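I need the structure of the sequence given here:
(chains A and B)
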There are 2 protein chains.
Amino acid sequence: MFSRARQVDRVVLDPEERYNHAKSWNSYYKVDTTPDAIVYPKSTEEVVAIVKICERYKVPIIPFGGNTSIEGHLASPRGGVSIDMNLMKGIKELHIKDMDVVVEPGIGWIELNEFLKPFGLFFPLDPGPGASIGGMCATRCSGSLAVRYGTMRDNVISLKVVLASGDVVKTASRARKSAAGYDLTRLIIGSGGTLGVITEVTLRLQKIPEASVVAMCNFPSVKDAADVAIATMHSGIQVSRVELLDEVQIKAINLANGKHYPEQPTLMFELIGTEAYSLEQALQVKKIAEEHHASDFVFADTAKEKEDLWKMRKEALWACTTLRPEAEFMVTDVCVPLSRLAECIYTSKVLLDASPLICTIVSHAGDGNFHTIILLDPQSEEELKEAHRLADEMVKIALAMEGTCTGEHGVGVGKLKFLEEELGQEALMTMGKIKRTLDPNNIMNPGKTVPPEFCY
Amino acid sequence: MFSRARQVDRVVLDPEERYNHAKSWNSYYKVDTTPDAIVYPKSTEEVVAIVKICERYKVPIIPFGGNTSIEGHLASPRGGVSIDMNLMKGIKELHIKDMDVVVEPGIGWIELNEFLKPFGLFFPLDPGPGASIGGMCATRCSGSLAVRYGTMRDNVISLKVVLASGDVVKTASRARKSAAGYDLTRLIIGSGGTLGVITEVTLRLQKIPEASVVAMCNFPSVKDAADVAIATMHSGIQVSRVELLDEVQIKAINLANGKHYPEQPTLMFELIGTEAYSLEQALQVKKIAEEHHASDFVFADTAKEKEDLWKMRKEALWACTTLRPEAEFMVTDVCVPLSRLAECIYTSKVLLDASPLICTIVSHAGDGNFHTIILLDPQSEEELKEAHRLADEMVKIALAMEGTCTGEHGVGVGKLKFLEEELGQEALMTMGKIKRTLDPNNIMNPGKTVPPEFCY
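All right, here's what the predicted structure looks like:
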């Protein structure tokens, strides 16, 4: 337990901080309420102590990581305690030969990769820059490399989780695979803090590839670009990234970076492996692209060029400020079966082009996942309403194609309303039963991930 | 609902059939009781009807697939109804462009791959030859290709499951990735029929590789062989298979197939990709092997040679009959973090060599997973006891190395007793709560997967 003196430093009641802990940047759910307090635990034991007090007095708990979630995962509709994990950023064990690492949840994926680099290893998920490993587990996130390495689901070996009861659960051994009992690891991943507080994560690591080839090319239409992504996946070529950007996004990148890329739908590829193999595969991709009206197929030659290209892609969101300087962003997130991606993007684009709001498209095309960045002034009720309308319409388009309302951002509160259409009442009733049995007083991030009417 | 006439054909009461539905081949738990009846549904609706009747009268249900499980998954301690899925083997939808397929659970992985071959696709899990897709989901199985493609956990997109309530749950959309709510797909995978009856499975498929290189080589010790597997994984070389066989297993293969392979610890590799790449990678593996005292490094030259080699590996179990003609087999299954594999196999081998029973080792070495085949006469109480002692000791060795009591065979009843040591009481209490809330009358495969004392 922590002493009274230290406790004072680590319990924050400041209203502005509390507001910042309830409202993530680029999120547009209502923030009428904030957590009543923010606490900064330093260990699993401290989290247990906090949870036990909250459970006794039925006080809501909102786990807080990198604050990059955008679907209202941090909303505090009933007040409560924000458990900020930013003092739990430690790397507890690195097992080089096992290619795994045991970390505390507050560490960011970028910090982790900086630590791992000298060992020739990396953790292959790359969501928004500030994301923490704990939050990435909670949202079941992925990113541009998921097409090659899978999502958080596939890259977490084991978790330590504090349940509402105060019990500390180890979800799995450290073996790379196991069939020992229910998959509690995967149950927690994507549960958005509604089943427990993650206090330790064992991650599977990858070897930094020997060589990579990065290429980009342009297309007359987004449909052509999406078709190439699909054909590439279907050819068996193992891309490590295949990102689609529409002409509006390229314009923003040009403006932000002083570049002159053709302002057309664009694909960016990465192929990895040995030098010979990545080039061999890149030439196969080039052939497919040329069969689909590609032009300006260029390779990034140097390590610096490659890095710059991915940096531009990674910062696509910020680049959009050049299109409308004062605007904020609403980022949408749907995913459809691969064969429907071209149609889904095309249909969405018709909708977006007809809107008065400026919108760009970026897609992890190899997974069938795409985001729209909608530029808006959130003070304008009209614009906010229009942005929500566009976001909702795109979800409806995706669901009609057997897709999902969230490919990688998670449900939070923003996507609750679509889950019944996507999964059916029976699945939600099942989730509600699990929520109730593990958190009978509904203290764990209440009102998120599973529609409340199915929980209590 | 099915008419009375058809019902007669599809309800079986024959005692021998009932015994065969309770006791899988190569399984050594006690079979004092059998199911009271076997039913053969043809649709999800029929499964719902069966489950609703069983729920009303609190009658146990034991889902039955390929009958290849070996940890007592099919035991019927309280009698009940064996739901045999062998009339539900249909392929409902093949989505070539999405690289997925929707199947009924009774279909075998071999049948499925025969169907898929003309489309250039395959499903990359290869457990025992008779295994059904539904059973493979239930046990969270894997096989030799898991090192490249992952386990069932990673290769199932969505399930349709009939819960004890009779509710039919669709666990996910058909998108390749999603963050929509709790991961019910993964909750069901590995739950061994204790949470519901799977009636439909959507599987992710892979492109049949353009080229492959298969190689084998021998080592003075199993430790050298295991070290090469580890070093290969750690080098970043992407093997599709890396299988270790000990000298006893090679002897059995020689005897069964009229071969003259050196009777030494042996590694078998497969590398896939383009022709140039798979060869490039194979030569890297060869270099690593030679640094670890490998001898007789040979490549399988023709497609026929490759096929024969994997066939021999696949049939390693049957080959063991040559070592002791009348014997049956007990197959063990532990998995440890990669760095401990050499030590784990070595320590286990000391134990096995000191036993009067003949034992062979086969290992999916790239995953840290290995099996011992113990030859025994199950009529001999002494031999049965000795075999169980060896199996238990090996689990203890693996658990002491942060490993798991089951890499891919599942818990059934056989591994129940090790779960508390592996995962701790809190994890089992959590599993028990989930079991109770989804199956309050404990009708779904009672007594398996989660120790009963944690469930009811």
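
how close does the residue lying closest to A:S221 once chain neighbours are set aside sit to A:A391?
Leaving aside its chain neighbours, A:S221 sits nearest to A:P265 (6.2 Å; criterion: Cβ to Cβ, 6 or more residues apart in numbering or on different chains). For glycine as for every other residue, the C-beta is placed from the backbone atoms N, C-alpha and C. Per Cβ to Cβ, to the nearest Å, A:P265 is found 21 Å from A:A391.

which bits of the stretch 1-150 of chain A sit near chain B?
Remark: the part of the stretch 1-150 of chain A in contact with chain B comprises A:H95, A:I96, A:K97, A:D98, A:M99, A:D100, A:T139, A:R140, A:C141, A:S142, A:A146, A:G150, using Cβ under 8 Å from any Cβ of the partner chain.

returning to that earlier point: A:P265 and A:A391: who's more crowded?
A:P265 (27 against 20; other Cβ atoms under 10 Å in any protein chain shown).

would you agree A:F115 falls within a helix?
Yes: assigned with DSSP: H, G, I helix; E, B strand; the rest coil, A:F115 falls within a helix.

next, count neighbours for it.
Neighbour count of A:F115, defined by other Cβ under 10 Å: 17.

repeat that for A:E402.
By other Cβ under 10 Å, 18 other residues sit near A:E402.

tell me the contacts of it?
A:E402 sits next to A:V336, A:P337, A:R340, B:S173, B:R174, B:A175 when contact means Cβ atoms under 8 Å, 6 or more residues apart in numbering or on different chains.

rerun at 7 Å
A:V336, A:P337, B:S173, B:R174 (Cβ atoms under 7 Å, 6 or more residues apart in numbering or on different chains).

likewise for A:S363?
Applying Cβ under 7 Å, 6+ apart to A:S363 gives the contacts A:E243, A:L244, A:I345, A:N369, A:F370, A:H371.

in CSV: those residues, plus neighbour count, distance to A:L159 and pLDDT.
Below are the contacts of A:S363 laid out as CSV (neighbours: other Cβ atoms under 10 Å in any protein chain shown; distance: Cβ to Cβ, whole Å; pLDDT from 0 to 100):
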residue, neighbour count, distance to A:L159, pLDDT
A:E243, 25, 30, 97
A:L244, 25, 33, 97
A:I345, 29, 35, 95
A:N369, 31, 24, 97
A:F370, 27, 29, 95
A:H371, 22, 27, 97
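
list the buried ones in stretch A:339-350?
If you call a residue buried by 16 or more other Cβ atoms under 10 Å in any protein chain shown, then stretch A:339-350 has these buried ones: A:S339, A:R340, A:L341, A:A342, A:C344, A:I345, A:T347, A:S348, A:K349.

repeat that for stretch A:420-434.
Applying 16+ other Cβ under 10 Å to stretch A:420-434 flags A:E422, A:L423, A:G424, A:E426, A:A427, A:L428, A:M429, A:T430, A:M431, A:G432, A:K433, A:I434 as buried.

can you give me the helices in the stretch 201-350 of chain A?
With DSSP state H, counting those that start in this stretch as the criterion, the stretch 201-350 of chain A has helices at A:222-234, A:247-257, A:275-291, A:303-314, A:316-319, A:341-353.

all strands for the stretch 151-300 of chain A, in order.
Applying DSSP state E, counting those that start in this stretch to the stretch 151-300 of chain A gives strands spanning A:156-162, A:168-170, A:197-204, A:206-207, A:211-218, A:239-245, A:266-273, A:295-300.

and the shortest one, what does it pack against?
Contacts defined by 3 or more Cβ pairs under 7 Å, 6 or more residues apart in numbering or on different chains; DSSP states H and E place strand A:206-207 against strand A:121-122.

who does the strand it packs on pair up with?
strand A:206-207 (antiparallel) (DSSP bridges).

what's the neighbour count on A:L351?
15.

for A:Y40, same thing?
Per other Cβ under 10 Å, the neighbour tally for A:Y40 reads 21.

excluding chain neighbours, what is closest to it?
Excluding its sequence neighbours, the residue lying closest to A:Y40 (Cβ to Cβ, 6+ apart) is A:R10, at 4.1 Å.

same thing with A:T199?
A:T44 is the one closest to A:T199 (Cβ to Cβ, 6+ apart), at 4.2 Å.

A:A391 now?
A:T332 (4.7 Å).

would you mind measuring from A:I272 to A:L317?
As for A:I272, its distance to A:L317 is 25 Å (criterion: Cβ to Cβ).

those two: which is more packed in?
Neighbour count, other Cβ under 10 Å: between A:I272 and A:L317, A:I272 has more, with 23 against 18.
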